[in-house]
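> Structural data only, the sequence is not supplied:
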Ligand SMILES: C[S@@+](CC[C@H](N)C(=O)[O-])C[C@H]1O[C@@H](n2cnc3c(N)ncnc32)[C@H](O)[C@@H]1O
């Protein structure tokens, strides 16, 4: 993966146009948005790893966030879910991303555009306290560990043991969140929900499914 930001002026013009369209609820192509967000030589990375805009729109409809909502995107990549989600709702968004190269792209967007309710953290989701969030989004963040053809790059250590550790950590963190916390998964997260979580809505979209869970 190249983390260099290519063609910045053109790229930002494209991105500005897409942001305006999303604000006005007009159709934006993922390919257009993704290239201006993440100008990589390999567009397949974006199409596989960043939430499609229709998925984000549907996520917001399912979560129904308001001003008091604090949404965590676990493994935020270059920030697409948080950025687009904040254009479509009044919630506060936090994205936590392990890869510094992707985190830097998301921070670059915040430095060039106004997204007052969005912040990004460059840490392992293991080291974050999840208790301040009342909505959590997981787009199958650890899959690279068990499927080598799905990797963004080779810059991390991968493996089934780490997959087991990460998915077990998510389950453990979900045991600690407060009652009423909503968790939305896209393609699941690979682990089990604690017994006090109930799946209250599911929606098939694209090649995947959005599942909305709520803590009793
Ligand atoms: C499938 S992508 C989803 C990106 C973003 N959530 C979206 O929907 O557009 C999963 C992301 O999780 C990140 N990730 C994987 N393990 C992580 C961890 N332990 N802590 C934080 N981020 C992680 C990866 O680097 C990748 O950017």
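Everything's here; your move. Keep in mind that this is a model prediction, so the values were computed, not measured.

> And the contacts of stretch 93-111?
1, 3, 5, 15, 37-38, 70-79, 81-83, 85-86, 115, 117-125, 128, 133, 152-153, 155-156 (Cβ atoms under 8 Å, 6 or more residues apart in numbering). Every C-beta, even on glycine, is put in place using the N, C-alpha and C of the backbone.

> avg pLDDT for it?
On average, the pLDDT along stretch 93-111 is 96.

> and if you look at stretch 23-43?
What stretch 23-43 shows for mean pLDDT is 87.

> related to what we said a few turns ago, among the contacts of stretch 93-111, name the ones that also lie close to the ligand.
73, 75, 76, 77, 81, 124, 125, 152 (Cβ under 6 Å from any ligand atom).

> returning to that earlier point: next step: the contacts of stretch 93-111 restricted to strands.
Mapping the contacts of stretch 93-111 onto strands (DSSP state E) picks out 70, 71, 72, 73, 74, 118, 119, 120, 121.

> The second one contacts residue 136, doesn't it?
Yes. Residue 71 is within contact range of residue 136, at 7.4 Å (criterion: Cβ atoms under 8 Å).

> if you count what's nearby, which of these two comes out ahead?
Legend: neighbour count by other Cβ atoms under 10 Å for residue 71 and residue 136, higher for residue 71 (27 against 24).

> Just give the closest residue to that one, not the sequence neighbours.
residue 135 (4.4 Å; Cβ to Cβ, 6 or more residues apart in numbering).

> partners of the one you found in the sheet?
The partner list for residue 135 in beta bridges (DSSP bridges) reads residue 71, residue 182.

> which ones are touching it?
63, 65, 69, 70, 71, 72, 91, 181, 182, 183, 184.

> so which residue of the chain comes closest to the ligand?
Using Cβ to the nearest ligand atom, residue 75 is the residue of the chain that sits closest to the ligand, at 2.1 Å.

> For that residue, list the residues it contacts.
96, 97, 98, 125, 138, 139, 141, 142.

> could these be laid out in TSV, adding distance to residue 49?
Converted to TSV, these look like this (distance: Cβ to Cβ, whole Å):
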residue	distance to residue 49
96	15
97	12
98	13
125	16
138	13
139	8
141	10
142	12
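
> Give me the subset of those lying in strands.
96, 138.

> so which of the contacts of residue 75 would you say is closest to residue 59?
Within the contacts of residue 75, the smallest distance to residue 59 is 9.4 Å, found for residue 139 (Cβ to Cβ).

> Make sure that closest one is actually in contact with residue 52.
No. Residue 139 is not in contact with residue 52 according to Cβ under 8 Å; the separation is 10.1 Å.

> Would you mind telling me which of those two has the busier surroundings?
A count of neighbours by other Cβ under 10 Å puts residue 139 above the other of residue 139 and residue 52, at 26 against 20.
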